[in-house]
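Trainee: Okay, structure incoming, though there's no sequence with it:
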């Protein structure tokens, strides 16, 4: 249910500029349009941060990189994204 609520976004035009849709997560022009952040963590070195607003979602991923194999896998994963 939490992820459904986080991903519930809608078209919301800019309050400052006519005919512009700016992602509020990036612009942060109106604090009332930003919603609560959600952190999903397996452990402190592996977690996902989901930041939402009325019209956009930003997802940040932290991946454990303790050795060369994990660094290589992370680099390939990031190039895929």
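Mentor: Here it is on my side, so go on. If you're wondering where the values come from, they're calculated on a predicted model, not measured in any experiment.
Trainee: Burial check on residue 25, number of neighbours?
Mentor: 19 (other C-beta atoms under 10 Å). In short, each C-beta sits where N, CA and C put it, glycine included.
Trainee: which stretches of this protein form helices?
Mentor: For the chain, the helices defined by DSSP state H occupy 2-6, 24-27, 68-80.
Trainee: Now tell me what touches the last one from outside.
Mentor: Among residues not part of helix 68-80, those counted as contacts by C-beta atoms under 8 Å, 6 or more residues apart in numbering are 63-65.
Trainee: Same question for the shortest one.
Mentor: Counting contacts by C-beta under 8 Å, 6+ apart, the residues outside helix 24-27 that touch it are 12, 14, 30, 33-34, 51-58.
Trainee: Buried only: go through these for me.
Mentor: Neighbour-count burial (16 or more other C-beta atoms under 10 Å) applied to those gives 12, 33-34, 51-56.
Trainee: export these to TSV and tack on pLDDT and distance to residue 19?
Mentor: Output for the buried ones among the contacts of helix 24-27, formatted as TSV (pLDDT from 0 to 100; distance: C-beta to C-beta, whole Å):
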residue	pLDDT	distance to residue 19
12	77	13
33	82	18
34	84	22
51	89	25
52	87	24
53	85	19
54	82	17
55	84	14
56	85	17
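Trainee: ok, which pair from these is furthest apart?
Mentor: For these, the farthest-apart pair by C-beta to C-beta is 12 and 51; their separation is 15.6 Å.
Trainee: Any figure for the gap between residue 47 and residue 40?
Mentor: Separation of residue 47 from residue 40 (C-beta to C-beta, to the nearest Å) stands at 6 Å.
Trainee: Counting neighbours, go ahead and name the busier of those two.
Mentor: Neighbours were counted for residue 47 and for residue 40 using other C-beta under 10 Å; residue 47 has more, 15 against 11.
Trainee: partner residues bridging the more buried one?
Mentor: residue 41, residue 62 (DSSP bridges).
Trainee: pretty sure it contacts residue 39?
Mentor: Yes - under the criterion of C-beta atoms under 8 Å, residue 47 makes contact with residue 39 at 6.0 Å.
Trainee: Comparing the helices of the chain, which comes out most buried?
Mentor: helix 24-27 (a mean of 18; mean count of other C-beta atoms under 10 Å).
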